[in-house]
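S.K.: Here is the input, now give the coordinates:
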Amino acid sequence: MIALVKLAAGEGNVDLAERPERPPGTGEVALDVAAAGVCGTDLHIWLGEYDSVPPVTMGHEVCGTVASVGEGVDGAWVGARVAVETFFSTCGECAHCRAGKLSVCERRRSIGTHVDGGFAPRLVLPARNLHRVPDALPDSAAALSEPLACVCNSLLDPRAVRAGDDVLVTGPGAIGLIAAQVARACGGRVTVRGTAGDGPRLALAASLGFETSVAGRDGAPPADVVVECSGAGPGIADALRAARRRGRVVQMGLRGADVTIPYDLICFHELTVTAGFASNPGSWRRAMALLEAGAVSLEPLVTEVVPLREWRRAFDASRAGDGVKFVLDPR
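M.R.: The predicted model follows:
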């Protein structure tokens, strides 16, 4: 089958290529992939800024339909429309695994990075990774269940936002707009902040009911909790300066390189800085509960669904910030 593959280490080395298909093994399922979101991590892999194990099919934000199941898997899964957890395997024995924190297992292997992922017509992965998605949620939006689970890992374990908190979200991309919605569901009063070049993204934030702020034009509003989703040095610095004394900064954006920040503010203002990497089974349960309750809207975040053969256009637009979320359709 034709898939989008990281062919070799280093910058670039991504292209459409033939990849082998295999049937699901014991405890596994095969999905017909309907939609796979382009994530910032995919861009970092493309640019050689995030480690992967090539040759490997990229893509980890996936919605698809279960086509077949391996030995030991309930046949009732066949035909189910699902989103999927990203960890293909972990050691299962370390303290982190035993505590349900699979994201920090040192031996974890993930789809799209270590084993073949979802930028392909067919994906094989463990049945334990599956989550049924609401019938009313389109495939392209359901693929964003994975970034929603990542946000839940960062904001809800432990709970970072409490009712009445002033919350500032820096970076109005997909993660930022999802984080804003989760923070609001927790009772926070949320402002979304971006740059002058983020006009369409900030307009979308406003249409979702959030106050907005523009760096370089408006001062960053002081906040009890700042959720940093830009991954840019100025955004991280903005976040630290905006946090009230004894406030909390939740770092979610990835830069892919070192940054210079006003680090002393963490001490001077007694800030608590937390983060979350990827997702865990518990954060997936919380994510799906938010979707079922209608507390988070993912469909407005999908800018365009793009055929797999046009992957470069989707990657370029994602890197330039020309939209919020591009989704590849390999069908």
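
S.K.: Spell out, range by range, the helices that occur in the stretch 1-150 of the chain.
M.R.: 40-46, 95-98, 139-142, 145-156 (DSSP state H, counting those that start in this stretch).

S.K.: which of those sits most buried?
M.R.: Highest mean neighbour count among those (mean count of other C-beta atoms under 10 Å): helix 145-156, with a mean of 26. Every C-beta, even on glycine, is put in place using the N, C-alpha and C of the backbone.

S.K.: Tabulate the helices of the stretch 1-150 of the chain (a markdown table), appending distance to L4 and mean pLDDT.
M.R.: Converted to a markdown table, these look like this (distance: least, C-beta to C-beta, whole Å; pLDDT from 0 to 100):
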| stretch | distance to L4 | mean pLDDT |
| --- | --- | --- |
| helix 40-46 | 9 | 96 |
| helix 95-98 | 30 | 97 |
| helix 139-142 | 17 | 98 |
| helix 145-156 | 17 | 98 |
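
S.K.: Out of those helices, which is closest to G197?
M.R.: helix 40-46 (16.6 Å; C-beta to C-beta).

S.K.: So for E71, which of the helices of the stretch 1-150 of the chain sits nearest?
M.R.: That would be helix 95-98 among these, by C-beta to C-beta, at 23.9 Å.

S.K.: And the closest one, how far out from the chain middle?
M.R.: 22 Å (C-alpha atoms, centre = their mean, to the nearest Å).

S.K.: Next: stretch 59-71.
M.R.: Relative to the chain's own centre, stretch 59-71 is displaced by 18 Å; criterion: C-alpha atoms, centre = their mean.

S.K.: in it, what's buried?
M.R.: 59-64, 66-70 (16 or more other C-beta atoms under 10 Å).

S.K.: would CSV of the residues you listed with distance to A120 and pLDDT be doable?
M.R.: What follows is the buried residues of stretch 59-71, written out as CSV (distance: C-beta to C-beta, whole Å; pLDDT from 0 to 100):
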residue, distance to A120, pLDDT
G59, 7, 98
H60, 12, 98
E61, 13, 98
V62, 10, 98
C63, 14, 98
G64, 10, 98
V66, 16, 98
A67, 13, 98
S68, 16, 98
V69, 19, 98
G70, 18, 98
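
S.K.: domain ranges for the chain?
M.R.: Annotated domains of the chain cover 2-144+298-329, 150-275 [automatic domain parsing].

S.K.: and the end-to-end length of the first one?
M.R.: Using C-alpha to C-alpha, to the nearest Å, the span of domain 2-144+298-329 from its first residue to its last is 12 Å.

S.K.: chain center to it: distance?
M.R.: 11 Å.

S.K.: Stretch 108-126 - what's its average pLDDT?
M.R.: For stretch 108-126, the mean pLDDT works out to 98.

S.K.: Give me the distance between the two termini of it.
M.R.: 14 Å.

S.K.: and what of stretch 159-170?
M.R.: End-to-end distance (C-alpha to C-alpha), stretch 159-170: 19 Å.

S.K.: now stretch 74-84
M.R.: End-to-end for stretch 74-84, by C-alpha to C-alpha: 17 Å.

S.K.: Same question for stretch 167-174.
M.R.: 17 Å.

S.K.: ok, back up a step: between the buried residues of stretch 59-71, which sits nearest R331?
M.R.: For those, with R331 as the reference and C-beta to C-beta as the criterion, the closest is G64, at 9.9 Å.

S.K.: In contact with the closest one, which residues?
M.R.: 31-35, 81-82, 84, 118, 123, 139 (C-beta atoms under 8 Å, 6 or more residues apart in numbering).

S.K.: Let's see the ChimeraX selection covering just the buried ones among those residues.
M.R.: This is how ChimeraX selects the buried members of the contacts of G64, with burial counted by 16+ other C-beta under 10 Å:
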select :31,33,34,35,81,82,84,118,123,139
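
S.K.: Relative to R19, which of the contacts of G64 is nearest.
M.R.: L123 (10.8 Å).

S.K.: So the closest residue to the closest one other than its chain neighbours versus A127, what's the distance?
M.R.: Closest residue in space to L123, ignoring its immediate chain neighbours: L31 at 4.6 Å, by C-beta to C-beta, 6 or more residues apart in numbering. Distance from L31 to A127, counting by C-beta to C-beta, to the nearest Å: 11 Å.

S.K.: just L102 next, same as before
M.R.: Counting by C-beta to C-beta, the gap from L102 to A127 is 16 Å.
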